[in-house]
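K.L.:
need the 3D shape of this:
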Amino acid sequence: MTSRLAATPLSVLDRSRTREGYDGPTALRDTVRFARRIERLGYRRFWVSEHHGVPGVAGSAPTVLAAAVAAATSRIRVGTGGVMLPNHQPMVVAEQFGVLASLFPGRIDMGLGRSVGFTEPIRRALGRDASDAEAFEERLAELLGFFRVEEEHGQEDAPPGVRAHPADGLRVPAYVLATGEGADIAARAGLPLVIAAVRGRDRMLAAVERYRRDFSPSPASQRPYVILSSTVAVGATEEEARRLLVSEAWSLAYSRVHGVFPPLLPAERVESLTMTARERTFYESAMEGHVAGTGERVALELESLLGESAADEILITTSAYDRDALLDSYQELARIAGADGAALTPDEPPTGADT
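P.N.:
Numbers count the residues shown, from 1 in each chain. Predicted structure coming up:
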């Protein structure tokens with residue numbers, strides 16, 4: 001165990017990936033069960049994602065799924081990583097999170113992203129187009145305005161005469177998922193930043209440096225707060241850790257070639273496939289750039305990553321066909337990091353991000 005890692009909170013993002021032989025409802029129930037286990041391991045947050053029209057992902061309604069996760073757990077923070085704000089009206093998002101925060105006070109996080117549906121037909125079905133991502137900053141300000149109430153003027157930045165109940169006056173921490181200009185938007189809004197940690201590390205470090213330099217303190221956060229998201233796999237051996245990455249790597253490679261995310265296959269099935277040259281190229285690329293290995297190696301890699309970025313928190317995003325092996329990985333990671341579940345009660349929110 002290393003001192004910097006021991007002092008850094010760990011959290012989890014689960015994408016509700018479907019698996020070969022199991023349907024979407026099973027994936028959603030797996031997410032809820034997984035959250036209960038993650039809570040017992042002492043992780044700080046458990047977030048769920050938003051994907052529309054993706055065959056290999058069951059999580060299409062993150063606030064609904066977050067409600068199920070929060071109801072099945074008792075103290076871990078629950079949220080979204082994230083709600084894709086261009087897909088929704090800010091007032092509706094405010095109402096949804098207002099309900100969540102009212103039902104589960106002190107435990108709800110509002111992670112927000114800039115992506116729209118990943119194909120044109122899906123964007124049409126959502127009533128959106130690619131240009132909607134450009135209005136993210138304006139929509140973000142409107143959304144946050146629904147939670148800030150002034151006695152004389154109603155909710156700040158919200159449309160005149162409109163209030164989102166029960167959001168008004170509630171304290172729901174917001175986080176910006178960085179894609180493209182996301183780091184700059186988070187800095188201007190004075191919000192915590194969530195950014196991918198591994199691919200394009202130089203670009204990531206430059207974005208984090210820019211975010212800290214340009215950060216404007218706000219009622220949501222008085223100082224910059226950086227959450228690094230990363231795929232992390234821990235095994236008893238290097239090979240065990242590598243095999244945890246295989247299923248997701250093949251799914252990503254297949255999607256790059258065929259335009260469809262398939263359900264996750266068992267690692268042995270993937271390794272027996274006869275891949276085309278193009279599939280093999282994408283597969284090998286998808287296997288690279290992750291934090292994977294024995295506990296000792298993972299601890300050293302995370303320590304190095306934290307040293308470079310001075311991040312405040314790590315969000316683990318690993319998906320795998322073998323849910324038991326994945327849980328073992330999370331358990332070993334919690335052990336080497338010294339996660340302390342007793343310190344993560346709802347009335348003690350993380351310093352910096354939620355103050």
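K.L.:
and stretch 265-285, end to end?
P.N.:
18 Å (Cα to Cα, to the nearest Å).
K.L.:
now swap in stretch 211-228 and tell me
P.N.:
Using Cα to Cα, one end of stretch 211-228 lies 13 Å from the other.
K.L.:
ditto for stretch 101-113
P.N.:
19 Å.
K.L.:
contacts for that stretch next, please.
P.N.:
Taking contacts as Cβ atoms under 8 Å, 6 or more residues apart in numbering, the residues outside stretch 101-113 that touch it are 45, 47, 50, 66-67, 70-71, 75-85, 93, 97, 100, 140, 143, 166-167, 170-177, 179, 182, 194, 346-347, 349. For every residue, glycine as well, the C-beta is placed using N, CA and C.
K.L.:
inside strands: which ones of those?
P.N.:
Of those, the ones assigned to strands by DSSP state E are 45, 47, 77-80, 83-84, 174-177, 194.
K.L.:
OK, contacts around the residue nearest the centre of the chain?
P.N.:
Note on the chain: the residue nearest the mean C-alpha position is Gly81, at 3.3 Å, using Cα atoms, centre = their mean. With contact taken as Cβ under 8 Å, 6+ apart, Gly81 is in contact with Leu13, Trp47, Val48, Ser49, Gly111, Gly113, Leu177, Val194, Ser229, Leu315.
K.L.:
now do the SS call for the last one.
P.N.:
Put simply, Leu315 is strand when judged by DSSP: H, G, I helix; E, B strand; the rest coil.
K.L.:
tally of neighbours for the nearest residue to it once chain neighbours are set aside?
P.N.:
Sequence neighbours aside, Ser229 is the residue nearest to Leu315 in space, at 4.2 Å (criterion: Cβ to Cβ, 6 or more residues apart in numbering). Ser229: 22 surrounding residues under other Cβ atoms under 10 Å.
K.L.:
now Ser229, what's its secondary structure?
P.N.:
Ser229 is classified as strand under three-state DSSP.
K.L.:
wait, isn't it in contact with Met204?
P.N.:
No. Using Cβ atoms under 8 Å, Ser229 makes no contact with Met204, being 10.1 Å away.
K.L.:
just to revisit the earlier point, pull out the buried members of the contacts of stretch 101-113.
P.N.:
Neighbour-count burial within those applies to 45, 47, 50, 66-67, 70, 76-85, 93, 97, 100, 140, 143, 167, 170, 172-177, 182, 194, 349; the criterion is 16 or more other Cβ atoms under 10 Å.
K.L.:
quick one, what contacts the closest residue to Val232 other than its chain neighbours?
P.N.:
Leaving out its chain neighbours, the residue that sits closest to Val232 by Cβ to Cβ, 6+ apart is Val291, at 4.6 Å. Contacts for Val291 (Cβ under 8 Å, 6+ apart) come out as Val198, Ser230, Thr231, Val232, Ala233, Val298, Glu301, Leu302, Leu305.
K.L.:
who touches the last one in this structure?
P.N.:
In this case it means Leu305. For Leu305, the contacting residues are Ala197, Leu228, Ser230, Val291, Ala311, by Cβ under 8 Å, 6+ apart.
K.L.:
how many neighbours does the last one have?
P.N.:
In this case it means Ala311. When neighbours are defined as other Cβ under 10 Å, Ala311 has 23 of them.
K.L.:
so where do the helices sit in the stretch 101-250 of the chain?
P.N.:
Counting by DSSP state H, counting those that start in this stretch, the stretch 101-250 of the chain has helices at residues 120-126, 136-145, 182-189, 201-214, 238-258.
K.L.:
wouldn't Leu302 be in contact with Ala6 here?
P.N.:
No. Taking Cβ under 8 Å as the definition, Leu302 is not a contact partner of Ala6, at 10.6 Å.
K.L.:
compare those two (neighbour count), which wins?
P.N.:
Higher neighbour count among Leu302 and Ala6: Leu302, with 25 against 14, using other Cβ under 10 Å.
K.L.:
how about that one: what's its closest non-neighbour residue?
P.N.:
Excluding the flanking residues, the one nearest Leu302 by Cβ to Cβ, 6+ apart is Leu5, at 5.3 Å.
K.L.:
can you give the distance from the helix or strand hosting that neighbour to the centre of its chain?
P.N.:
Per DSSP states H and E: Leu5 is located in helix 3-6. Chain-centre distance of helix 3-6: 22 Å, with Cα atoms, centre = their mean, to the nearest Å.
K.L.:
by contact count, what packs against the helix or strand just after it?
P.N.:
Going down the chain from helix 3-6, the next helix or strand is strand 10-14, by DSSP H and E. Strand 10-14 makes packing contacts with helix 24-40, strand 45-48, strand 313-316, helix 323-337 when contacts are defined by 3 or more Cβ pairs under 8 Å, 6 or more residues apart in numbering; DSSP states H and E.
K.L.:
give me whichever of those is most buried.
P.N.:
Mean neighbours per residue, mean count of other Cβ atoms under 10 Å, is largest over the helices and strands packed on strand 10-14 for strand 45-48, with a mean of 27.
K.L.:
direction included, what does that strand pair against?
P.N.:
Here strand 45-48 is paired, per DSSP bridges, with strand 10-14 (parallel), strand 77-80 (parallel).
K.L.:
mind listing residues that contact that strand?
P.N.:
Outside strand 45-48, the residues that reach it (Cβ under 8 Å, 6+ apart) are 11-16, 31, 35, 38-39, 59, 62, 65-66, 69, 73, 76-82, 109, 111, 315.
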